[in-house]
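>>> below are the sequence and a predicted model for it; my questions follow.
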Amino acid sequence: METSDYGKKQLAEEKVFKDPVHRYVHVRYQVIWDLIKTKEFQRLRRIKQLGTLYLAFHSAEHSRFNHSLGVYEIVRRMIENFKDYPEWNEDDNLLVLTAALLHDLGHGPFSHSFEDIFHTDHEEYTKKIILGHTEVNAVLSKVAPDFPKQVAEVINKTHSNKLIVSMISSQIDADRMDYLQRDSFYTGVSYGNFDMERILRVMRPSKDEVLIKESGMHAVEDYLMSRYQMYWQVYFHPVSRGGEVLLNLILRRAKHLYKSNYNFKQAPTYFIPFFNENVMVEDYLRLDEMVVNFYLQEWVYEEDEILSDLASRFVNRDLFKYLPFDGSIITISELNELYKRAGIDPDYYVFSDSYSDLPYDYDKPGQKTNRQPIHLLKANGQIREISSQSAIINSITGMHRLGSRLYYPKEKILQIDNLEVKAEIINLLNELD
């Protein structure tokens, strides 16, 4: 790919961002600096990294903006370490740095909760923003006509250079290494801490992937266990998941009311393209968490009792209660029937939430799940999959852990007038407790 003089241009003076995780984020390329200043990238300041997790960990208020800078900085350090190896082509520096910076560009407000109800895909919108009529695309196109396409392919994991792809998206990549440490820092826990400096020192570029020197195996063990602990102690926290449940129900109710021609006090203008499932990139970019929180505040005062109640619960952190639930003792259909007899709408007041994690695995012969293994580079030059060399990693390989909870409004159940139905519901719930 022929790069313009603009693509090679360095800033007259290096720009530095102070960062609580990496201490400093260094920017030298003019392109990177110009991308940071685009309105699409600045929008990431208004998208929380952890969605509703602030309801459980009060300091978890950091944004996709600082995470994106963090991923960029880790990749910058990677290529600093790779520059003396013949397997690394320095002509790829700008491409991988740009892809690292922009990898989360398409995230919407409250991320996955939003995607579930409106069937959007942040990776698809990242691609649309990069390739569309945007400020980001205008900057990238000045590097080379096909540069936006190249960046989108790296983020989409379809680029022919698998080494670059693995630096940003693999089982030991810059994205995970940043969010584990950053999320750990902002939630005030220590689960996500691991020796990143050691891992960076033992990374080696190869034709198709980043390899780990055998001497760094124990640092990778620590990294994988940190990831495991963060998911089960932080990311799957029941209070945070309860916030996601409420948000899901609120958006579902608002969509239903709109489709039913309900007369909102505050017209949901920014949501209409999503309700109609006809979303343009411009519509998507207009919706950030400031806008969503505005509507949540307004919906507290709507005449529809369900929307008003759910929005009030979210805004004031009056979350549903929860119990472990696997469907073996009682079923959702049983509860739904009792809810209907009690005059409570089961579509909005009982919710089964399931979640799962796979700490480490890789594709076996015949599998096509796109799980690439972590490979160790042994002292004799041989390459081995890491779980064959580590008893710790072998013990968690393929371990698919599942969890599920039932969320319900306890006080609403206690207020049921029909004493027989109330008793039946309470007895069912007590069986789960």
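Yep, it's here. Every value quoted in this text rests on a predicted model; they were computed, and no experiment measured them.
>>> from here on, contacts and neighbour counts on C-alpha atoms
Noted.
>>> go through the helix ranked longest in the chain and flag the buried ones.
Secondary structure of the chain read by DSSP state H shows that its longest helix is helix 238-259. Residues of helix 238-259 classed as buried: 238-255, 257-258 (neighbour count, 16 or more other C-alpha atoms under 10 Å).
>>> quick one, what contacts residue 173?
166-167 (C-alpha atoms under 8 Å, 6 or more residues apart in numbering).
>>> average pLDDT for stretch 306-313?
Summarised as a single mean, pLDDT over stretch 306-313 is 98.
>>> now do the helices in the stretch 1-150 of the chain.
5-8, 30-36, 39-42, 64-82, 93-102, 111-118, 122-131, 135-141, 147-155 (DSSP state H, counting those that start in this stretch).
>>> quick one, which of the ones you listed is nearest to residue 223?
helix 64-82 (15.0 Å; C-alpha to C-alpha).
>>> quick one, that closest one and helix 93-102 angle?
150 degrees (axes from the mean of the first three to the mean of the last three C-alpha atoms, to 10 degrees).
>>> which other helices and strands contact the lowest-mean-pLDDT helix or strand in the chain?
Taking mean pLDDT, DSSP states H and E as the measure, the chain has helix 111-118 as its least confident helix or strand, at a mean of 80. Counting contacts by 3 or more C-alpha pairs under 8 Å, 6 or more residues apart in numbering; DSSP states H and E, helix 111-118 is packed against helix 238-259.
>>> so which elements touch the helix or strand following the helix it packs on?
Next helix or strand after helix 238-259 toward the C-terminus (DSSP states H and E): helix 272-275. With contacts taken as 3+ C-alpha pairs under 8 Å, 6+ apart, helix 272-275 sits against helix 238-259.
>>> avg pLDDT for the helix it packs on?
So the average pLDDT for helix 238-259 ends up being 95.
>>> how many degrees apart are that helix and helix 111-118 in direction?
Using the same axes, to 10 degrees: helix 238-259 against helix 111-118 is 30 degrees.
>>> got the angle for the longest strand along the chain vs helix 64-82?
Assignment by DSSP state E gives strand 10-19 as the longest strand of the chain. Strand 10-19 and helix 64-82 meet at an angle of 120 degrees, taking the same axes, to 10 degrees as the criterion.
>>> can you tell me the strand partners of strand 10-19 and which way each runs?
Note on strand 10-19: by DSSP bridges, its sheet partners are strand 23-29 (antiparallel).
>>> per-domain residue ranges of this structure.
Under the assignment automatic domain parsing, the domains of the chain span 5-234, 237-319, 320-359+400-433, 360-399.
>>> highest mean neighbour count out of the ones you listed?
domain 5-234 (a mean of 19; mean count of other C-alpha atoms under 10 Å).
>>> circling back to that earlier point, list the contacts of the least confident helix or strand of the chain.
51, 108, 120-122, 244-245, 247-248, 251-252, 274-275, 277.
>>> closest one to residue 328 out of those residues, please.
Taking C-alpha to C-alpha as the measure, residue 328 sits nearest to residue 245 out of those, at 21.4 Å.
>>> contact partners for residue 225?
Counting by C-alpha under 8 Å, 6+ apart, residue 225 touches residue 359.
>>> ok, now with 10 Å
If you count contacts by C-alpha atoms under 10 Å, 6 or more residues apart in numbering, residue 225 has them with 191-194, 359-360, 392-393, 396.
>>> any idea which helix or strand carries it?
helix 217-230.
>>> relative to residue 193, how far out is the closest residue to residue 190 other than its chain neighbours?
Beyond its immediate neighbours in the sequence, the residue positioned closest to residue 190 (C-alpha to C-alpha, 6 or more residues apart in numbering) is residue 184, lying 5.9 Å away. According to C-alpha to C-alpha, to the nearest Å, residue 184 and residue 193 sit 7 Å apart.
>>> touching, residue 270 and residue 295? I think so.
Yes: counting by C-alpha atoms under 10 Å, residue 270 touches residue 295, with 9.4 Å between them.
>>> mind listing the strands for the stretch 251-400 of the chain?
321-324, 351-357, 375-377, 383-385 (DSSP state E, counting those that start in this stretch).
>>> so where's this structure shaky on pLDDT?
Within the chain, the stretches with pLDDT under 70 are 1, 365-369.
>>> about what we covered before: surely the residue nearest to residue 190 touches residue 177?
No: taking C-alpha under 10 Å as the definition, residue 184 is not a contact partner of residue 177, at 11.1 Å.
>>> find the residues that touch each one of these two.
Jointly contacting residue 184 and residue 177 under the rule C-alpha under 10 Å, 6+ apart are 192-193.
>>> fine by me, we can end here.
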